[in-house]
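Q: Please find the sequence and the predicted model below.
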Amino acid sequence: MLIAKVIGSAVATIKDEKLIGAKLLVVREADVYGEPVGKPSVAIDTVNAGTGDLVLIASGSSARQTLETKDRPVDAVIMAILDSLEVGHETTFRKS
Amino acid sequence: MLIAKVIGSAVATIKDEKLIGAKLLVVREADVYGEPVGKPSVAIDTVNAGTGDLVLIASGSSARQTLETKDRPVDAVIMAILDSLEVGHETTFRKS
Amino acid sequence: MLIAKVIGSAVATIKDEKLIGAKLLVVREADVYGEPVGKPSVAIDTVNAGTGDLVLIASGSSARQTLETKDRPVDAVIMAILDSLEVGHETTFRKS
Amino acid sequence: MLIAKVIGSAVATIKDEKLIGAKLLVVREADVYGEPVGKPSVAIDTVNAGTGDLVLIASGSSARQTLETKDRPVDAVIMAILDSLEVGHETTFRKS
Amino acid sequence: MLIAKVIGSAVATIKDEKLIGAKLLVVREADVYGEPVGKPSVAIDTVNAGTGDLVLIASGSSARQTLETKDRPVDAVIMAILDSLEVGHETTFRKS
């Protein structure tokens, strides 16, 4: 799963009817320190994440394995909010 | 989902029979300001998008989860037209 | 879908039995002018494409949604031959 | 499958209910000598791997083909711990 | 499908039970001359390929469409051994 930082949100009035009610967040892939390093994309939120959260994103067909995203035309879902990351014996990220 | 800008259209007479009637748009991945930054590809339109629109694209098997694309050999579908993007507390894109 | 140029063909005698009869073409991703820009890969042809054609390629599980590729171990299918591409108000490619 | 090195672990209290009980490891793609070369991501562990192990990762829908990951919203699973890699006639990696 | 060169093999004693009996080969993406250009990864062999062979690899869910890989957690399968590649009117690769 991608480690990503939530950096904002998206609004779309005109959309596939299966998207109605879905919360669209703008994310960027992040490193183990929680710093965004990748380019922006949009993911569906299923865990009440918000701007600034470091999250995990499941992509592809796996993005449709949550109750909220089943059978929807979405290819990226936020399915966890990270509390901490440990690399080697160092805690590189801790949720503030 | 990919943030992408619609930059044109494609015409193909010879195609898999399941593609008949599908509207083919040329898109490029875009940044949060709506500026195209990626290379061109082609996506099926299901939301009546047009050149200049900033859209969301679902890729892979997720592209087949709309009524128009079900069971079709397509791997990219435009399933939303973006009204606005907000990053941090700034509105980086607003549909004109 | 990937915009790609057919640049050649591949022959493979030893292959999974589900591949028997499949036509293997060598392709490279192309820009909107039809110029190859990407690295070579191999796709199954279902629309009688040939060297020099600009085509659309569906990848992943979507590559198995044609009659010819159903249930086969293939991840790239040529499912359309492009007649023309229009970007902005310019026709950037027209089949000769 | 990706050759990857386990470099750490991730903790997430808030997550999709299907993720409960899943062990989250931080991995980086590695070369044939076992040296990490790629950027970090997170994979589900199903083979009791630990930091320092060189492993194989299956991605996409294939990540859901183990008993532990079936129907879960995960797109990367560690499904083997490498004992050795041989390239040409040289053993480039051996588990210590 | 990826054009790839088999450069070696991998051994893994600890693995998902569905992997038992699977032959793991180390491969690198190759150009049309058969020269390896990409980074190493591991694919399941179903066609009795060996080091030095130029092969085709199907990735993602398509990797599970052979008898040997059905329902297994694998995302890359060697499903053909290339005899030759022709680009333009030149034979760029011929199996020796």
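A: Good, I have the coordinates.

Q: List the contacts of the residue lying closest to A:T92 once chain neighbours are set aside.
A: If the residues on either side of it in the chain are set aside, A:T92 comes closest to A:V32, at 4.3 Å by C-beta to C-beta, 6 or more residues apart in numbering or on different chains. Bear in mind the C-beta positions are built from the backbone N, C-alpha and C, glycine included. Under the criterion of C-beta atoms under 8 Å, 6 or more residues apart in numbering or on different chains, the contact list for A:V32 reads A:I3, A:L85, A:V87, A:T92, A:F93, D:G8, D:V26, D:P40.

Q: pretty sure A:V32 belongs to a helix, no?
A: No - counting by DSSP: H, G, I helix; E, B strand; the rest coil, A:V32 is located in no helix; its state is coil.

Q: pLDDT value on the residue nearest to A:T13 when sequence neighbours are not counted, please?
A: The shortest distance from A:T13 to any residue that is not its chain neighbour, by C-beta to C-beta, 6+ apart, is 5.4 Å, and that residue is B:D83. Looking at B:D83, its pLDDT is 98.

Q: what about B:D83, how many neighbours?
A: In terms of burial, B:D83 registers 15 neighbours under the definition other C-beta atoms under 10 Å in any protein chain shown.

Q: cool, A:T66 as well?
A: Neighbour count for A:T66, taken as other C-beta under 10 Å: 23.

Q: One more: A:V11?
A: Burial measure for A:V11: 15 neighbouring residues, criterion other C-beta under 10 Å.

Q: Smallest distance to chain C belongs to which residue of chain A?
A: The nearest approach of chain A to chain C comes at A:S61, 7.5 Å away (C-beta to the nearest C-beta).

Q: would that residue count as being in a helix?
A: Yes - with three-state DSSP as the criterion, A:S61 is assigned to a helix.

Q: From what I see, it and E:S61 are in contact.
A: Yes - using C-beta atoms under 8 Å as the test, A:S61 is close enough to E:S61 to be in contact (7.5 Å).

Q: what touches both of those two?
A: With the criterion set as C-beta under 8 Å, 6+ apart, the overlap between the contacts of A:S61 and E:S61 is B:S61, C:S61, D:G60, D:S61.

Q: still on that earlier bit, the residue nearest to A:T13 contacts B:S96, doesn't it?
A: No - proximity of B:D83 to B:S96 does not meet the contact threshold set by C-beta under 8 Å, at 10.6 Å.

Q: quick revisit: how much space separates the residue nearest to A:T13 from chain D?
A: Plainly put, B:D83 is 28 Å away from chain D if you go by C-beta to the nearest C-beta, to the nearest Å.

Q: List the residues that contact that residue.
A: Contacts were defined as C-beta under 8 Å, 6+ apart; by that measure B:D83 touches A:V11, A:A12, A:T13, B:R94, B:K95.

Q: mind running it again at 6 Å?
A: The contact partners of B:D83, by C-beta atoms under 6 Å, 6 or more residues apart in numbering or on different chains, come to A:V11, A:A12, A:T13, B:K95.

Q: Filter those residues down to just the ones in strands.
A: Secondary structure defined by DSSP state E assigns A:V11 of these to strands.

Q: Quickly note the distance from the residue of chain A closest to chain C to chain D.
A: Going from A:S61 to chain D by C-beta to the nearest C-beta gives 5 Å.

Q: contacting residues around that residue?
A: Shown in contact with A:S61 (C-beta under 6 Å, 6+ apart): B:S61, D:S61.

Q: any idea how far the residue nearest to A:T92 lies from D:R28?
A: Look at A:V32 and D:R28: by C-beta to C-beta, to the nearest Å, they are 9 Å apart.

Q: Check A:S61 too.
A: Taken as C-beta to C-beta, the spacing of A:S61 relative to D:R28 amounts to 24 Å.

Q: tell me the secondary structure for the residue most central in space within chain A?
A: Within chain A, the residue whose C-alpha comes closest to the C-alpha centroid is A:I78; the distance, by C-alpha atoms, centre = their mean, is 3.4 Å. Using three-state DSSP, the three-state assignment for A:I78 comes out as strand.

Q: Tell me how far A:V26 lies from B:K95.
A: For A:V26, the distance to B:K95 (C-beta to C-beta) stands at 16 Å.

Q: ok, now which ones touch the closest residue to A:Y33 other than its chain neighbours?
A: The shortest distance from A:Y33 to any residue other than its chain neighbours is 5.2 Å, reached at A:T92 (C-beta to C-beta, 6+ apart). Residues counted as contacts of A:T92 (C-beta under 6 Å, 6+ apart) are A:V32, A:Y33, A:L85.

Q: repeat that with 10 Å
A: For A:T92, the residues meeting the contact criterion (C-beta atoms under 10 Å, 6 or more residues apart in numbering or on different chains) are A:D31, A:V32, A:Y33, A:G34, A:S84, A:L85, A:E86, D:I7, D:G8, D:V26, D:P40.

Q: Run through the residues that contact the fourth one.
A: Contact analysis of A:G34 by C-beta under 10 Å, 6+ apart lists A:3-5, A:52-54, A:82, A:84-85, A:92-96.

Q: Got the confidence number for A:H89?
A: 88.

Q: quick one: the residue nearest to A:T92 and C:R94, what's the gap?
A: When distance is defined by C-beta to C-beta, A:V32 is 49 Å away from C:R94.

Q: Next, find the distance separating the closest residue to chain E within chain A from E:N48.
A: For chain A, the residue closest to chain E is A:S61, as judged by C-beta to the nearest C-beta, at 7.5 Å. As judged by C-beta to C-beta, A:S61 and E:N48 stand 31 Å apart.

Q: Show me which residues of chain A are close to chain B?
A: The interface of chain A toward chain B, taken as C-beta under 10 Å from any C-beta of the partner chain, is made up of A:7-19, A:22, A:24, A:26, A:28, A:39-44, A:51-52, A:59-64, A:69-76.

Q: Would you enumerate the residues in contact with A:S84?
A: For A:S84, the contact set (C-beta under 10 Å, 6+ apart) comprises A:G34, A:L54, A:T91, A:T92, A:F93, A:R94, A:K95, D:S9, D:A10, D:V11, D:A12, D:T13.

Q: Recalculate using a threshold of 6 Å.
A: If you count contacts by C-beta under 6 Å, 6+ apart, A:S84 has them with A:T91, A:F93, A:R94, D:V11.

Q: what do you get for A:K5?
A: Taking C-beta under 6 Å, 6+ apart as the definition of contact, the neighbours of A:K5 are A:R28, A:A30, A:P36, A:L54.

Q: Same question for A:T46.
A: If you count contacts by C-beta under 6 Å, 6+ apart, A:T46 has them with A:T66, A:E68, A:V77, D:D16.
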